[in-house]
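Q: build me a model from this:
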Amino acid sequence: MLWSLSVPLHAGERLLGSWGVSQVEGAGGGGLTPWATITGSGSSNQVGAVVYATQASTQDGYRLRVAGAAVGVHDRVELSMARWSFKLSDDVVPGKALEMTVLGAKLKVLGDAVYDQDSWRPQLSVGLQYKMADDVAALRGLGLPIHADEDVDLYASATKLWLGAAAGYNVLGNVTMRWTRANQFGLLGFGGNAESGRRLHLEGSLGLMLRDDLVVGGEWRSKPDNLRVPGFEEDAAWDLFVAWFPSRHLNVTAAWLNLGNIATLKDQRGLYLSGQLAF
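A: Okay, the predicted model is just below:
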């Protein structure tokens, strides 16, 4: 996720890890939240791409599996897709999984998170994520007052790298504002009886580079609470992560993840593991 300007460059290549990891909805950035950076190892005159797989599980039996891919064009435009499968706890609905598809696009608007060291200005990007949940009709049949089974999240991200800012270590910060009405990221559809429209929600990441190829940090993401149904209250999500870039083409990220309340089971937390191949 973070990287050192001392890493040697070849013509047309970006610095190691400057494209971030793969966010669960497919965008380049952190695991929970998009960054303003563009995915893939291609520079301003190249096309880069990533493929990734992610799995997370909680102590009460929820399990998320995500597979996806993304393309970065000239370090300016990003296109992504992700497919989710979320196995419900046997204490909720035995043997049932919720499915969702996410299509994303991101545009770099201004700035450079790495090279604009003489300016306070961060790199700024805007993006959208079009989400299609597969199982909303069945959820409505269970009595959940869900308004829609597909919708678009809109977001803006600001990302900045500070060289040597923490006892000589590089620090990266990101803030994302998301305009959304997604219930549990969209797995439970969009909108509800408590709130039917989109509202702004804050997301953030902070990382510390321990070596050229190793980063530790944390993320936080607020979420809507649209369903006024007992047991379906929604909490913010957060994680503590370690990301390792053993080469330009491989990243492995592990995290301790807390998703809060999910469908009557509170304080759902557990392990997150994601692998990414970059080109």
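Q: can I get the CA coordinates of stretch 127-141 in CSV?
A: Output of stretch 127-141 as CSV, limited to C-alpha atoms (Å, rounded to 0.1, in the frame of the first residue of the first chain):
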residue,chain,number,x,y,z
GLY,A,127,-16.0,7.1,-8.7
LEU,A,128,-19.2,5.0,-8.8
GLN,A,129,-20.1,1.5,-7.9
TYR,A,130,-23.2,0.0,-9.5
LYS,A,131,-24.5,-2.8,-7.3
MET,A,132,-27.0,-5.6,-8.1
ALA,A,133,-28.2,-7.8,-5.2
ASP,A,134,-29.6,-11.2,-6.3
ASP,A,135,-31.8,-12.2,-3.3
VAL,A,136,-33.9,-9.1,-2.5
ALA,A,137,-37.2,-10.7,-3.4
ALA,A,138,-36.6,-13.5,-0.9
LEU,A,139,-35.5,-11.0,1.8
ARG,A,140,-38.7,-9.1,1.3
GLY,A,141,-40.6,-12.3,1.8
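Q: okay, buried residues for the helix or strand harbouring residue 72 please.
A: Assigned by DSSP states H and E, residue 72 falls within strand 63-73. Under the neighbour-count criterion of 16 or more other CB atoms under 10 Å, strand 63-73 has 64, 66, 67, 68, 69, 70, 71, 72 buried. (C-beta placed from N, C-alpha, C; glycine too.)
Q: any chance of the residues you listed in a markdown table, with distance to residue 120 too?
A: Compiled in a markdown table, the buried residues of strand 63-73 are given as follows (distance: CB to CB, whole Å):
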| residue | distance to residue 120 |
| --- | --- |
| 64 | 37 |
| 66 | 35 |
| 67 | 38 |
| 68 | 33 |
| 69 | 34 |
| 70 | 29 |
| 71 | 31 |
| 72 | 25 |
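Q: widest-spaced pair of the residues you listed?
A: 64 and 72 (24.6 Å; CB to CB).
Q: related to what we said a few turns ago, and which of the buried residues of strand 63-73 is nearest to residue 88?
A: Of all these, residue 64 has the smallest distance to residue 88: 10.7 Å, by CB to CB.
Q: can you tell me how far that closest one is from residue 259?
A: 9 Å (CB to CB, to the nearest Å).
Q: repeat for residue 273
A: According to CB to CB, residue 273 and residue 259 sit 15 Å apart.
Q: same question for residue 99.
A: In terms of CB to CB, residue 99 sits 18 Å off from residue 259.
Q: residues of the lowest-mean-pLDDT helix or strand in the chain that come out buried?
A: When the helices and strands of the chain are scored by mean pLDDT, DSSP states H and E, helix 136-141 comes last with a mean of 90. Neighbour-count burial for helix 136-141 flags 136, 139 (criterion: 16+ other CB under 10 Å).
Q: next, the buried residues of the helix or strand just after it.
A: Once helix 136-141 ends, the next helix or strand along the chain (criterion: DSSP H and E) is strand 150-166. If you call a residue buried by 16+ other CB under 10 Å, then strand 150-166 has these buried ones: 151, 152, 153, 155, 156, 157, 158, 159, 160, 161.
Q: now do stretch 159-171: everything it contacts.
A: When contacts are defined by CB atoms under 8 Å, 6 or more residues apart in numbering, stretch 159-171 is touched by residues 2-5, 29, 35-37, 113-114, 117, 122-123, 125, 172-174, 206-210.
Q: ChimeraX command for the buried members of those?
A: Of the contacts of stretch 159-171, the buried ones can be selected in ChimeraX as follows, counting by 16+ other CB under 10 Å:
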select :2,3,4,29,35,36,37,113,114,122,123,125,172,173,174,207,208,209
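Q: excluding its backbone neighbours, what's nearest residue 59?
A: Of all residues not flanking residue 59 in the chain, residue 270 sits nearest, at 5.6 Å (CB to CB, 6 or more residues apart in numbering).
Q: what sits opposite that neighbour in the beta ladder?
A: Residues in a beta bridge with residue 270, per DSSP bridges, are residue 58, residue 257.
Q: show me what contacts it?
A: 56, 57, 58, 59, 256, 257.
Q: dump these into TSV; add pLDDT, distance to residue 248 and neighbour count as well.
A: As requested, the contacts of residue 270 are arranged in TSV below (pLDDT from 0 to 100; distance: CB to CB, whole Å; neighbours: other CB atoms under 10 Å):
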residue	pLDDT	distance to residue 248	neighbour count
56	97	26	23
57	96	30	17
58	96	33	19
59	95	36	12
256	98	27	14
257	97	27	24
